[in-house]
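Peer 1: take this sequence and fold it.
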Amino acid sequence: MYSTMSTAKTVRRRRLLSILFLVTMLMILPSVRSQGQANAGQANAGQGNEKQQQQATKETGSGAPKVSFEELMTFTKLGDLRRHASSYLAERSYSKSLKLYTRCITLEPLNFQNYLKRFKLYKRVQRVVEGAAGNAAVLKGMKLGEDIRNLSQEDLNNRMITDLNSAIELLASSKSGDKKSDKARIEAYESRASLHSKNLNCTAAVADYAYLSKEDGGTSYANEIPRHKKCEDTVRIINALSGEQNTGQNNENVQRRIIQFITDLFQSMQTQNVELLKRRALAYLQLTDKDSTYSAVTDLGTLIKLLPNTIQYYELRGNAYFNLGEIDVAINHYKSGLKMDPEDKGCKRGHKVVKGLKKKIDRSVEAEGVNDWGKAVTYLKEAWKLIEDWNADQEGRMSPEILVTLVLNKLVSALSKTNDFDEAIKVGEEAYRLHMHPSSVIPLSAAYILKERYQDAVNILKNCQQTFRDDSSLNQEIQKAEAALKQSKTKNYYKILDVPRSSDKTAIKKAYKKKALEWHPDKNVDNAEKAEKMFMDIAEAYEVLGDEEMRGFRHGGGGQQFHFNFGGR
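Peer 2: All right, here's what the predicted structure looks like:
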């Protein structure tokens, strides 16, 4: 009985425990389900954030969320700043990259890496600018930014040197034996030595190569030292020559030595330097030969590309073109300078003088076109006065050839047309003194012949021929002058009618009537024999000179007709 009751109790106890377990599970399951859902939500959220981060990385290439440049400039985390600066550099957004690297330096001025990174940016920009070769349109199409586009090559060089100096100074205080710092130090010295060499700062280059030779032990560094010491000595000689005060022929010799030293230095070092380039241009401008002036134009053109905002180079190049007689090109250079500074005295004066000269010459051409030779002479004399004043200010550096061809030959021609042979000869002799050349001797010889100074014409032409033996025009002019000399010893019909050789048919007819009336036998009864002879000579002279064909054949008593080539027309 007891056994049966015990068994029944055990069964009831088990049933009760089962019920309690079921109740407990029913109470726990909702809570577990909720926690599971929460965990699943968190997992999904984590996956979503990861996808967003990956998307940002894909968009920016930096692993950081895409943000505006303005927001980036507020960042203080250097890793992010450098990463974005590098990204902008890869995209060739040089201005933004520069600003971010500069912010890194502001936040962390004692980190040498910041300076080296900015140096590399400047170096890359310099290569881009050099590749564009100063082409403003090409540079404008690049994402340089105004702050970088306005930097000259000299500005870039100075900034690179400054950053390398800062990096080297910071690296000097770093622990020796640190491989990363030691490598950076050598690279910084290499870069600075190369930059000093490129800029022909040879003294500084020698010091850097000496350090590299000592620290790195490379023979290539040691080999650079003698080359740069020679460069250093050459620069010292150039400076000494430039400091000398010389005049006349001695000054010309000194300037030519300066030019040669600088040219040899540029060739041996395979580079140029702004200061020495300017010095060579100024030396060329001290010389008056045409080739030297053109060389000055070339050097000044290079300087304008390197330093496009330097007004002085536009003025000097405008002056050089003026001295070469290239009026329109000179005007354009003065205008370029005046765009930068409308009150610049040098460009302002040059522009005024050249514009005035162009106006005078153009008006003289207009006057010649209507055969108003008197006005042509007036305008050309005014033009000559402008040139004389300009050349005095230039200390006589205007090319003699240009002085002659620009105005003087034209003036000889115009004066001869007005029958002012004495003045034509005076101007022609001055032109020949300035520039002994067929272009100046031919109009002078023509003026001599018109003045009936035949022997002088022959002599000066033959004298010029000794220098210019291959000039065929001189042979032709000598034949004309010798023929004129020969016929001057026979009957001179021009002299009989008392007219110049440049007279036209109307002037000859007028002179004939006057002379015929003067020497008519009926009016000279007391001197009938002489009057009759003169009257016959006058009639013969008019018969020859009044007929174009006969005048062309005999030209006043034998020989051929002459056409004299005056300068300028």
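Peer 1: low-confidence ranges, the stretch 101-250 of the chain, go.
Peer 2: Counting by pLDDT under 70, the stretch 101-250 of the chain shows low-confidence ranges at 132-144, 175-177, 218, 245-248.
Peer 1: now do the helices in it.
Peer 2: Counting by DSSP state H, counting those that start in this stretch, the stretch 101-250 of the chain has helices at residues 112-132, 136-140, 146-149, 153-172, 179-198, 202-216, 219-242, 248-269.
Peer 1: mind putting these into a markdown table with mean neighbour count and distance to Trp384?
Peer 2: No exception for glycine: its C-beta is placed from N, CA and C like everyone else's. A markdown table is the format used below for the helices of the stretch 101-250 of the chain (neighbours: other CB atoms under 10 Å; distance: least, CB to CB, whole Å):
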| stretch | mean neighbour count | distance to Trp384 |
| --- | --- | --- |
| helix 112-132 | 19 | 44 |
| helix 136-140 | 11 | 39 |
| helix 146-149 | 14 | 45 |
| helix 153-172 | 18 | 41 |
| helix 179-198 | 18 | 48 |
| helix 202-216 | 19 | 48 |
| helix 219-242 | 15 | 34 |
| helix 248-269 | 15 | 25 |
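Peer 1: out of those, which is closest to Tyr454?
Peer 2: Closest approach to Tyr454 among these (CB to CB): helix 248-269, 37.1 Å.
Peer 1: tell me what angle the closest one forms with helix 202-216.
Peer 2: 20 degrees (axes from the mean of the first three to the mean of the last three CA atoms, to 10 degrees).
Peer 1: next SSE after helix 248-269?
Peer 2: Going down the chain from helix 248-269, the next helix or strand is helix 274-285, by DSSP states H and E.
Peer 1: ok so, going back, mind putting the helices of the stretch 101-250 of the chain into CSV with distance to Asp341?
Peer 2: Formatted as CSV, the helices of the stretch 101-250 of the chain follow (distance: least, CB to CB, whole Å):
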stretch, distance to Asp341
helix 112-132, 24
helix 136-140, 19
helix 146-149, 20
helix 153-172, 19
helix 179-198, 31
helix 202-216, 34
helix 219-242, 27
helix 248-269, 29
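Peer 1: with Ala283 as the reference, name the closest of those.
Peer 2: That would be helix 248-269 among those, by CB to CB, at 4.3 Å.
Peer 1: got the CA coordinates for that closest one in CSV?
Peer 2: Coordinates of each C-alpha in helix 248-269 appear next as CSV, following Å, rounded to 0.1, in the frame of the first residue of the first chain:
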residue,chain,number,x,y,z
GLY,A,248,84.2,103.0,-76.2
GLN,A,249,86.0,100.1,-77.7
ASN,A,250,87.2,98.8,-74.3
ASN,A,251,83.5,98.5,-73.2
GLU,A,252,82.6,96.6,-76.3
ASN,A,253,85.5,94.1,-75.6
VAL,A,254,84.4,93.7,-72.0
GLN,A,255,80.7,93.0,-73.1
ARG,A,256,81.8,90.5,-75.6
ARG,A,257,83.9,88.7,-73.0
ILE,A,258,80.9,88.6,-70.6
ILE,A,259,78.7,87.2,-73.4
GLN,A,260,81.3,84.5,-74.1
PHE,A,261,81.8,83.5,-70.5
ILE,A,262,78.0,83.2,-69.9
THR,A,263,77.4,81.3,-73.1
ASP,A,264,80.2,78.8,-72.3
LEU,A,265,78.9,78.4,-68.8
PHE,A,266,75.3,77.7,-70.0
GLN,A,267,76.7,75.1,-72.5
SER,A,268,79.0,73.3,-70.0
MET,A,269,76.3,73.1,-67.3
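Peer 1: tell me what that helix is packed against?
Peer 2: helix 219-242, helix 274-285 (3 or more CB pairs under 8 Å, 6 or more residues apart in numbering; DSSP states H and E).
Peer 1: same for the first one, what does it pack against?
Peer 2: Taking 3+ CB pairs under 8 Å, 6+ apart as the contact definition, the neighbouring helices and strands of helix 219-242 are helix 179-198, helix 202-216, helix 248-269, helix 274-285.
Peer 1: which of the residues in stretch 373-381 are buried?
Peer 2: Residues of stretch 373-381 classed as buried: Trp373, Lys375, Ala376, Val377, Thr378, Tyr379, Leu380, Lys381 (neighbour count, 16 or more other CB atoms under 10 Å).
Peer 1: all set, thanks.
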